[in-house]
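Engineer: Take this sequence and fold it.
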Amino acid sequence: MMRFLTGPEYNSILLVGLKRIGLSEADAARLIAARWPMDAYGLVAEAHGRGLAIQIADIAAWLVSRMGPTWPDGEPTDAESAMFSPTVAEVCLQWCVATGRANSTLAGRFYTSNPRRIEITLQAAKAKDN
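Structural biologist: As a prediction, the model looks like this:
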């Protein structure tokens, strides 16, 4: 099974990184939260940061699988006009993995080959935070 960072895991690492460059915890948390809602291009970048390589076409295929070929107003389903919440993004990424549409980045391959690396990374981030 392909392993990638979950939203909370990724947020923990982002928080530590932002604090290390001088942001307060509150400012870092606001910046992390400001990513959402996210467009499809942002979701491709988010996936990469979490260890997955996906494309706009993968997001479009997920949307069609969920919504059908058109939006409720009759317009064609289009990934580039969609916005994603953290929960919806997580479901989309899980679908991309489950259907084989996602590939692992180098970090994702490390996490898949040894899932304990995620735990070690999170522990190291917390240790540097203290």
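Engineer: from here on, contacts and neighbour counts on C-alpha atoms
Structural biologist: Will do.
Engineer: What distance do you get for the closest residue to Ala53 other than its chain neighbours to Tyr10?
Structural biologist: Distances taken as C-alpha to C-alpha, 6 or more residues apart in numbering put Asn103 closest to Ala53, at 5.0 Å, once the chain neighbours are dropped. Plainly put, Asn103 is 18 Å away from Tyr10 if you go by C-alpha to C-alpha, to the nearest Å.
Engineer: Next: Arg116.
Structural biologist: Per C-alpha to C-alpha, Arg116 is found 15 Å from Tyr10.
Engineer: neighbour count winner among these two?
Structural biologist: Set side by side, Arg116 and Tyr10 show more neighbours around Tyr10, with 18 against 12, by other C-alpha atoms under 10 Å.
Engineer: Got phi/psi on the residue of the chain most remote from its centre?
Structural biologist: Residue distances from the centre of the chain (C-alpha atoms, centre = their mean) peak at Gly74, which lies 28.8 Å from the mean C-alpha position. Recorded main-chain torsions at Gly74 are phi 90, psi -10, according to degrees, to the nearest 10.
Engineer: One more: the one 4 residues further on?
Structural biologist: Dihedral angles of Asp78 (phi, psi; degrees, to the nearest 10) stand at phi -140, psi 120.
Engineer: ok, now Ser104?
Structural biologist: phi -90, psi 140.
Engineer: Also Ala53?
Structural biologist: Per-residue torsions, Ala53: phi -110, psi 120 (degrees, to the nearest 10).
Engineer: Surely it touches Ser104?
Structural biologist: Yes - look at Ala53 against Ser104 with C-alpha atoms under 8 Å: they come within range, at 5.7 Å.
Engineer: so how far is Leu106 from Ala33?
Structural biologist: Distance, Ala33 to Leu106, using C-alpha to C-alpha: 26 Å.
Engineer: now swap in Ile21 and tell me
Structural biologist: Separation of Ile21 from Leu106 (C-alpha to C-alpha): 25 Å.
Engineer: Appreciated, that's everything.
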